[in-house]
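**Q** just the structure for this:
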Amino acid sequence: MRPWALNLLLSLAVVALAAAGLLLGETPLSHAQLAQAFADPASGAHEVLFAIRLPRTAAALVVGAALGLAGAVMQGLLRNPLADPGVLGVSGGAGLGAALAISLGLVGSAGAIEGAALAAALAVGALLTWLAARFREPETLILFGVAFSAFLGALTSLVFNFSASPVTLAEVFAWLLGSVANRDWADIGRELPALIIGGGLCAYAARGLVMLTLGEEAAALSGLPMTRLRAAAVAGASLLTGASVAMAGIVGFVGLAAPHLVRAGAGGDPGRILVPSALAGAVLLAAADIAARLIPTDQELKLGVVTALFGAPLFALIAWRAARSWRG
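**A** This is a model prediction of the structure:
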C-alpha cells in the first residue's frame, strides 16, 4: 500500500470513530433526540453530545495520536521495536507527579493534577534530553530509561504505602489506570501547547531518524546536526507522552503497537512512519474508549485496562507475524 493511501484510509477511520464516539455511549439516544441535539442547544441531548461525548472523543483521538507518534519516534531513535513512550521513564514520571498531587489533596484545584503530571514528565524529559546529547549509543539511553522507570515506579509505590486515606489511595489508583471520561475542552486546551511543541520537535527530528537507520558512523558523517536531532527526538517524545499522561493517565500498548500496525504500509522508513503512526494511535485509542463505554459492566472499565486487554493479544499477533517473516 502506498503511504498516501495508508494515511487516507487511517484518516477515514479516524473520522468514522469520531462519529461513533458521538453516537455511541452508555445512554442510547433515539433519532428524535439526535435531531433535537442539533436543533436545540438547551436540550439534554445537546449536552450529552457536545459537552460530554465530543470532548471525550477529541481527548481520546489527541492522546492516541500523541502516543502513536511518540512510540514511532522512540522506536526510530533507539532502533528497537519494543520501545514505547514509557520505556525511558517519562510515563512513570508523569504518573508520580499526578500521584503526589492527589495525595497532597490538590484534586479540587482545576488543572493541578494535570499540571503536576506534565511538570514531572518534563523534568524527566529534560534529564533524558541531556543524556541523549552526551551519549550516542541507544543502549545507554535504554538502560538509563529502565533505571528511571524502576526508580519512579518505586517512588509511586511509596505514595501508595504512605497514603493515609483509602479514598486518596483509590483516587490515585483510578487515575493511574487511565481514562478520558469527564474530560472537557479546558483539559485539552491546557495540554495543547505541549502537544504542538512536541509534535514539531518530532517532525524536526525525522531526518535524523532516517539517517540513524544507516548506523551511527554513517549518521555522524552525514553532516546533519545529529546531537541536536537526537535531543529533539527525546524532548518531543517526552512532551507528547507527558501531555498525554497528564490528560488521560497511563495508557499502555498504544505507542508500542501503533507503529507496528503501519510499518509495512509506510515502507519501514522512520520518517514516513510518523504520520501514519499518529493516525493509527488515534484509531486505537478512540476504538478502546468506545469499547470501554459499551462493555456491559457495573462500573465503566478504565481505558488503560481496555488497551491492555485488547492491545496485548494484538501485539502478540504482530510479533508472531514478524517472527515468521524473519524466519522466512
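
**Q** name the element the closest residue to Leu29 other than its chain neighbours belongs to?
**A** Leaving aside its sequence neighbours, Leu29 sits nearest to Ala45 (Cβ to Cβ, 6 or more residues apart in numbering; 5.8 Å). Glycine gets a C-beta too; all of them are placed from N, C-alpha and C. If you go by DSSP states H and E, Ala45 is part of helix 44-47.

**Q** CA atoms only: put that helix into PDB for me.
**A** Written as PDB, here are the backbone C-alpha positions of helix 44-47 (Å, rounded to 0.1, in the frame of the first residue of the first chain):
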ATOM      1  CA  GLY A  44     -30.300  17.400  27.400                       C
ATOM      2  CA  ALA A  45     -29.300  15.500  24.200                       C
ATOM      3  CA  HIS A  46     -27.200  18.500  23.100                       C
ATOM      4  CA  GLU A  47     -25.500  18.500  26.500                       C
END
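
**Q** re earlier: distance check, the residue nearest to Leu29 against Ala20.
**A** For Ala45, the distance to Ala20 (Cβ to Cβ, to the nearest Å) stands at 17 Å.

**Q** got it, and Arg207?
**A** Relative to Ala20, and taking Cβ to Cβ, Arg207 is found at 36 Å.

**Q** need the pLDDT of Arg324.
**A** You'll see Arg324 listed with a pLDDT of 63.

**Q** so Pro296, which of the three states?
**A** Assigned with DSSP: H, G, I helix; E, B strand; the rest coil, Pro296 falls in the coil class.

**Q** hmm, back to that, who does the helix holding Ala45 touch, helix- and strand-wise?
**A** Under the contact criterion of 3 or more Cβ pairs under 8 Å, 6 or more residues apart in numbering; DSSP states H and E, helix 44-47 touches helix 31-39.

**Q** what about Ser103, distance to Phe151?
**A** Applying Cβ to Cβ to Ser103 and Phe151 gives a distance of 18 Å.

**Q** ditto for Phe50
**A** 43 Å.

**Q** contacts only, for the residue nearest to the spatial centre of the chain.
**A** Centroid-nearest residue in the chain, with Cα atoms, centre = their mean: Leu67, separated by 2.6 Å. Going by Cβ atoms under 8 Å, 6 or more residues apart in numbering, Leu67 touches 85, 240-241, 244, 251, 254-255, 258, 281, 285.

**Q** what average pLDDT does the helix or strand encompassing Arg293 get?
**A** Assessed by DSSP H and E, Arg293 sits inside helix 274-294. The average pLDDT for helix 274-294 rounds to 94.

**Q** for stretch 61-77, same thing?
**A** 93.

**Q** next: stretch 16-35.
**A** 86.

**Q** any regions of this protein where pLDDT drops low?
**A** 1, 108, 216, 219-221, 268, 318-319, 321-328 (pLDDT under 70).

**Q** which one's the longest helix in it?
**A** Counting by DSSP state H, the longest helix found in the chain is helix 185-212.

**Q** tell me what that helix is packed against?
**A** helix 54-78, helix 112-134, helix 216-220, helix 226-248, helix 274-294.

**Q** give the contact list for Ile290.
**A** Contacts of Ile290 by Cβ under 8 Å, 6+ apart are 17, 20-21, 24.

**Q** what do you get if the cut-off is 10 Å, keeping everything else the same?
**A** 17, 20-21, 23-25, 57, 60, 306 (Cβ atoms under 10 Å, 6 or more residues apart in numbering).

**Q** then Ala112?
**A** 98, 101-102, 104-106.
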